[in-house]
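Novice: need a 3D model of the sequence below.
(one chain, ligands or ions: 1)
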Amino acid sequence: MSLSVGNLVIEIDGRRVVDGISFEVPDGARLGLIGESGSGKSLTALAVLGLLPDGATASGSIRWNGIELIGMPDRELAKLRGDDIGIVFQEPRTALNPIRTVGRQIAESIRIHEGLGRREARERAIAEAARVRLPDPETIVDRYPHQLSGGQRQRVAIAMALACRPRLLIADEPTTALDVTIQAEILSLLLALVADEGMSLVFITHDLAVLAQVATEGVVLEHGRVVEAAAVSTLLSTPASPITQGLLRDATATLWRPDGGAA
Ligand SMILES: Nc1ncnc2c1ncn2[C@@H]1O[C@H](COP(=O)(O)OP(=O)(O)OP(=O)(O)O)[C@@H](O)[C@H]1O
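Specialist: Residues are numbered from 1 along each chain as shown. Take a look at the predicted model:
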């Protein structure tokens, strides 16, 4: 179960925003896409899932287990999403429907993909809520997103992404919108789940300190191009490009905040 992106180009209204990116995610690998805002990280992730915004087109190659995803009919791509590839976004509020209970939302993807009945789906939703360590799973599944904390909402979004046991998780800045202490909890939860399931991970971040905690390989993007690709340990010890050196300076500042806060 591997992902292979080759010479990916994404254009929006004629503007080239991703300009020939290539990277590989072998089965079970944890890869980070890192770069400053606007470098093309999110659009690359969305292209993998066939979820590019209107007006955007992708060319080049995105292969999942050797099968080309670019140009795949949306019905087939929709099946792949959730079944094979899950995604968690930065802001759980936008990923969740405000007028449906979190249990129904967790169960929805299971019902669609596995064809479970309503009662079985609720039982599964409770089990999935427990898996992402939500408190009182039997009660919390009947709550609405606004009744949960930001960290709890992100746990729900993770439960939704992982409910169908995908083989690859794409996490797009999943902790950026959260308080520092909650960030650490969500990162360790994600890592534990990825390890338990032996999933592959593509983790998007602008923070090298965060990357160091979750990924073993890093691809550094600038203006839609790969400027450096190396083991994360190498990016930390001997960053070759000025952009990586800048990210390292920022990350170090984050790690050594005088108030004792962690990245
Ligand atoms: N829906 C859109 N319409 C027009 N341009 C867009 C759209 N989405 C992204 N872009 C542009 O494409 C480029 C890459 O955006 P992308 O969101 O992939 O960057 P990013 O590295 O994920 O940044 P961030 O960390 O801020 O999310 C940016 O210049 C952005 O302005």
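Novice: for the stretch 101-250 of the chain, what lies in contact range of the ligand?
Specialist: H206 (C-beta under 6 Å from any ligand atom). Just so you know, the C-beta spots here come from the backbone N, C-alpha and C atoms, and that holds for glycine as well.
Novice: what about the helices in the stretch 101-250 of the chain?
Specialist: 102-114, 118-131, 137-140, 150-162, 180-197, 208-214, 232-237, 242-255 (DSSP state H, counting those that start in this stretch).
Novice: pull out the buried positions in the last one.
Specialist: Along helix 242-255, the positions that meet the burial threshold by neighbour count (16 or more other C-beta atoms under 10 Å) are 243-244, 247-248, 251, 254.
Novice: so which elements touch it?
Specialist: strand 30-35, helix 208-214, strand 217-222, strand 225-231, helix 232-237 (3 or more C-beta pairs under 8 Å, 6 or more residues apart in numbering; DSSP states H and E).
Novice: out of the helices of the stretch 101-250 of the chain, which one sits most buried?
Specialist: Between these, helix 150-162 has the highest mean count of neighbours, a mean of 25, where neighbours are mean count of other C-beta atoms under 10 Å.
Novice: now that helix, how far from the chain's geometric center?
Specialist: With C-alpha atoms, centre = their mean, to the nearest Å as the basis, helix 150-162 stands 12 Å off its chain's centre.
Novice: packing partners for that helix?
Specialist: Helix 150-162 packs on strand 85-88, helix 92-95, helix 102-114, helix 118-131, helix 180-197, going by 3+ C-beta pairs under 8 Å, 6+ apart.
Novice: hang on, the earlier thing: I170 is nearest to which of the helices of the stretch 101-250 of the chain?
Specialist: helix 150-162 (8.6 Å; C-beta to C-beta).
Novice: contacts for that closest one?
Specialist: 82, 86-89, 92-93, 95-96, 102, 105-106, 108-109, 125, 128-129, 131-135, 140, 145, 148, 169, 174-175, 177-179, 182, 185-186, 189-190, 193, 197 (C-beta atoms under 8 Å, 6 or more residues apart in numbering).
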